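K.L.:
coords please:
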Amino acid sequence: MAWNEPGNNGQRDPWNKNNNRPGNKSGLDDLLRQLRDRFGKLGGGAGGVFTIVLALLLAWLLLSSYVVVDARQAGVVLRFGQYNRTLGPGFHFKLPRPIESVTKVGITEIRSVSDKVRMLTSDENIISVDFNVQYQVSDARQYLFSLSGQPEDTLQQAAEAAVRTVVGANVMDNVLTSQNDQAAVASIDPAAATSAAAAANSAGAAAVGAHETRETLQQQTRDILQATLDNYHSGMTVTEVSFQNVAPPQEVKDAFDDVNAAREDKQATENQARAVASKIVPEARGDASRILAQAQGYNAERVARATGDAARFDLILKEYKAAPEVTRKRLWLETVENVMSNNPKVLDGSGGRNMIYLPLERMSSKDMPGVGAVMQQPGDMSGKEKQP
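P.N.:
I've put the predicted structure just below:
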């Protein structure tokens, strides 16, 4: 009889479609029976549950027997809760839990701790300091197990102690002063900045110590904090310490602002004075050099002229010894010529009856035609000159 003939009830259905009908109660039972048969073959009937548990246990052991450490991390391995070794970046095998466990610690991450404290300076002024500490983990084992409590809490307390040590050993002006002040002066007036630098170089070691800048104090705080952490074996390396906001308390801020304004006015006046001095002093030095050069030139000129006059006198003396009368007459004529050439002349052309002053040095024959004729009349002048 065919499987699909009437009265067969689908018992020979090759696709077993009829068994999934709601009216067929044996479909679910058959499925459960097949699963039970299969697991029964593996576990021997009643041992199938044990086989499943064993398989799950093996899978868990395989999955917990290795660890992957990131390149920015270090893995600290604990065996039964005790430190065993430190794993570097990469793939590593380990004993499964609970025998060994791995704690990963970031060693390249820059961490930071900030706090705000009030403290006294050496000149007994209250100052408020906001500081920030940046650090890295240098030793993962020490970072996890050398400190009691949280490492950040220990770092914060050590940083506060270091800040109090440095700030308490300096006056308030040193803490409030920054190197940016000198940069601002240089940008406003380079000459004043040069003068200020020269004055600073000429100061003694005590003055240099009294003008420590904020950057120097931050470096001192970092050194003290790092030494403290090394003594604690904390496994942390401080990369930077910065004073983000250093100011007096709000209760006395107005008074401090007035003092700072007066100090800035004083500094501005001093800078202006240095600028004027840097301008006037070179000019005065230049004038002094010019006057000195002129004096040296005048000295050389007078010496040369005196030397020439002496040489000329020696020559005249030599000629005088050779011909005294001729030399005497020539000297007299040269002297009269020199005197008459530098003085106004008065000509009397009326035979003593009328004297007319003629400024001949200011007039020419074209302006007064009669002057030339008067000067050329031989009868009006004696034509003789008295001899010495």
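K.L.:
every contact and neighbour count from this point should use C-alpha atoms.
P.N.:
Noted.
K.L.:
which stretches of the stretch 251-388 of the chain have low pLDDT?
P.N.:
Of all residues in the stretch 251-388 of the chain, those with pLDDT under 70 make up the ranges 345-388.
K.L.:
which residue ranges of it form helices?
P.N.:
Under the criterion DSSP state H, counting those that start in this stretch, the stretch 251-388 of the chain carries helices at the ranges 253-322, 324-341, 369-375.
K.L.:
make CSV out of those helices and add mean neighbour count.
P.N.:
Shown next, in CSV, are those (neighbours: other Cα atoms under 10 Å):
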stretch, mean neighbour count
helix 253-322, 13
helix 324-341, 12
helix 369-375, 13
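K.L.:
out of those helices, flag the one nearest A59.
P.N.:
The closest of the helices of the stretch 251-388 of the chain to A59 is helix 253-322. By Cα to Cα, the value is 68.5 Å.
K.L.:
show me what the closest one is packed up against.
P.N.:
Judged by 3 or more Cα pairs under 8 Å, 6 or more residues apart in numbering; DSSP states H and E, the packing partners of helix 253-322 are helix 190-202, helix 324-341.
K.L.:
and if we set it to 6 Å?
P.N.:
Helix 253-322 is packed against helix 190-202, with contacts defined by 3 or more Cα pairs under 6 Å, 6 or more residues apart in numbering; DSSP states H and E.
K.L.:
torsion angles phi and psi at the nearest residue to F93 once chain neighbours are set aside?
P.N.:
Closest residue to F93 apart from its sequence neighbours, by Cα to Cα, 6 or more residues apart in numbering: Y66 at 4.2 Å. Y66 adopts backbone torsions of phi -150, psi 160, taken as degrees, to the nearest 10.
K.L.:
residues near Y66, how many?
P.N.:
Applying other Cα atoms under 10 Å, we find 15 residues neighbouring Y66.
K.L.:
pretty sure it contacts G90?
P.N.:
No. Between Y66 and G90 no contact is recorded; they are 10.6 Å apart, counting by Cα atoms under 6 Å.
K.L.:
now V241: phi and psi?
P.N.:
phi -130, psi 130.
K.L.:
residue contacts, it?
P.N.:
N132, V133, Q218, R222 (Cα atoms under 6 Å, 6 or more residues apart in numbering).
K.L.:
local confidence estimate at it?
P.N.:
At V241, the pLDDT value in this model is 93.
K.L.:
quick check: bridge partners of the nearest residue to it once chain neighbours are set aside?
P.N.:
The shortest distance from V241 to any non-neighbouring residue, by Cα to Cα, 6+ apart, is to V133 (4.7 Å). Beta-bridge partners for V133, by DSSP bridges, are V113, V241.
K.L.:
now swap in the one 4 residues further on and tell me
P.N.:
With DSSP bridges applied, the residues forming beta bridges to V137 are M236.
K.L.:
ok, it - contacts?
P.N.:
Neighbours of V137 in contact, by Cα under 6 Å, 6+ apart: I107, G235, M236.
K.L.:
mind listing what the first one touches?
P.N.:
Read it as I107. By Cα under 6 Å, 6+ apart, the neighbours of I107 are Q73, V137.
K.L.:
for A55, see how far away it is.
P.N.:
Applying Cα to Cα, to the nearest Å, the value for I107 to A55 is 38 Å.
K.L.:
what of the second one?
P.N.:
Between G235 and A55 the distance is 43 Å, computed by Cα to Cα.
K.L.:
tabulate the contacts of V137 (JSON lines), appending distance to K329 and pLDDT.
P.N.:
Formatted as JSON lines, the contacts of V137 follow (distance: Cα to Cα, whole Å; pLDDT from 0 to 100):
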{"residue": "I107", "distance to K329": "115", "pLDDT": "90"}
{"residue": "G235", "distance to K329": "115", "pLDDT": "92"}
{"residue": "M236", "distance to K329": "112", "pLDDT": "94"}
